[in-house]
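Next comes the sequence, and after it the predicted model I'd like to discuss.
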Amino acid sequence: MVRKRQILEEMNAYQVRESISDATVALLTLGACENHGDHMPFGCDNFVPLELAKRVAKQVQNAIVVPAIPYGVSSHHSDFQMTITLQPQTLIMAIQDICYSLIKNGIKRVLFLNGHDGNIAPIEVASRSIKDNYPNVVLACLEAWWTLGTYKKIFSEWSGLGHGGEAETSVMLSVRPDLVDMQRAPDKTIPNIPNNVRIYWKFSELTNSGSTGSPRQASRSKGDKALDYLEKMVVQFVKNMDRNDWKYGLGLAKI
């Protein structure tokens, strides 16, 4: 049996007609273009969620990976060379326009896989507006894969946190090891910021290298474990939602 294609950019019109249905789940990844230290590529916020989306699609028959948004809201990184940033409203409008196009084509289930912290607020603002206009559409988001609590069992310092730190570097070693130069990984930088009250910092206030955390503690084996956990978690989420016809809350009582 030949498995159907699930990456929209690689599909022709016939394949799209044969694949899209009311049960289709669109996987939309969002990333950024910004400095992650001398050891990491500018596009790691794109590579990681896109790899995750492709892995999930292979295990979920009704998923389709739509073209990624490769730029994000990165103004807080603008002190570092070659940061390419969108204004928050630009990203909000882009998300809305993409989702409205998907809805027009009969897709009512969208799962955002986000790779960059600056995109979290725009995703939520856009999603609230879309949901107001289309109450029957289900929007879900993996907002910040790098903060999941299970990583405390995988990573050795600061729970793997950091920009280009232990977790991100490890996962990139799993996804695109050819783009990681561990010989240039900077020393550990653990910013002194509070846990429970958020400070809206510029990234240059936290690091001189473009990276925080402990990238030298990274390894491919750690990245493999983290990516495997993410894949299983997202696949299970989609399967659980499919089992309930993407109903939740009070909607479950109507099934």
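Arrived safely, thanks for sending. Everything numeric here is computed off the predicted structure, so don't read it as measured data. Residues are numbered from 1 along each chain as shown.

Mind naming the longest helix for the chain?
In the chain, taking DSSP state H as the definition, the longest helix is helix 220-243.

Can you list the helices and strands that it packs against?
Helices and strands touching helix 220-243, as assessed by 3 or more Cβ pairs under 8 Å, 6 or more residues apart in numbering; DSSP states H and E, comprise helix 44-59, strand 109-114, strand 138-142, helix 166-175. In short, each C-beta sits where N, CA and C put it, glycine included.

switch the cut-off to 6 Å
helix 44-59, helix 166-175 (3 or more Cβ pairs under 6 Å, 6 or more residues apart in numbering; DSSP states H and E).

Helix or strand with the lowest mean pLDDT in the protein?
helix 13-19 (a mean of 94; mean pLDDT, DSSP states H and E).

Would you mark the buried spots in that helix?
By neighbour count on 16 or more other Cβ atoms under 10 Å, the buried set for helix 13-19 is Ser19.

now whichever helix or strand comes after it against strand 109-114, angle please.
Elements were assigned by DSSP states H and E; along the chain past helix 13-19, the next helix or strand is strand 25-30. Strand 25-30 runs at 20 degrees relative to strand 109-114, counting by axes from the mean of the first three to the mean of the last three Cα atoms, to 10 degrees.

burial measure for the nearest residue to Phe112 once chain neighbours are set aside, as a count.
Of all residues not flanking Phe112 in the chain, Cys141 sits nearest, at 4.1 Å (Cβ to Cβ, 6 or more residues apart in numbering). Look at Cys141: counted by other Cβ atoms under 10 Å, it has 17 neighbours.

Need the pLDDT of Cys141.
If you check Cys141, the pLDDT there is 98.

can you check Gly149 too?
Note for Gly149: predicted pLDDT of 67.

Put the alpha carbons of stretch 94-101 into PDB.
In PDB, the C-alpha atoms belonging to stretch 94-101 read as follows (Å, rounded to 0.1, in the frame of the first residue of the first chain):
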ATOM      1  CA  ALA A  94      -1.000  36.100   8.600                       C
ATOM      2  CA  ILE A  95      -2.300  33.500  11.000                       C
ATOM      3  CA  GLN A  96      -5.800  34.700  10.500                       C
ATOM      4  CA  ASP A  97      -5.500  34.700   6.700                       C
ATOM      5  CA  ILE A  98      -4.000  31.300   6.500                       C
ATOM      6  CA  CYS A  99      -6.700  29.800   8.800                       C
ATOM      7  CA  TYR A 100      -9.500  31.600   6.900                       C
ATOM      8  CA  SER A 101      -8.100  30.000   3.800                       C
END
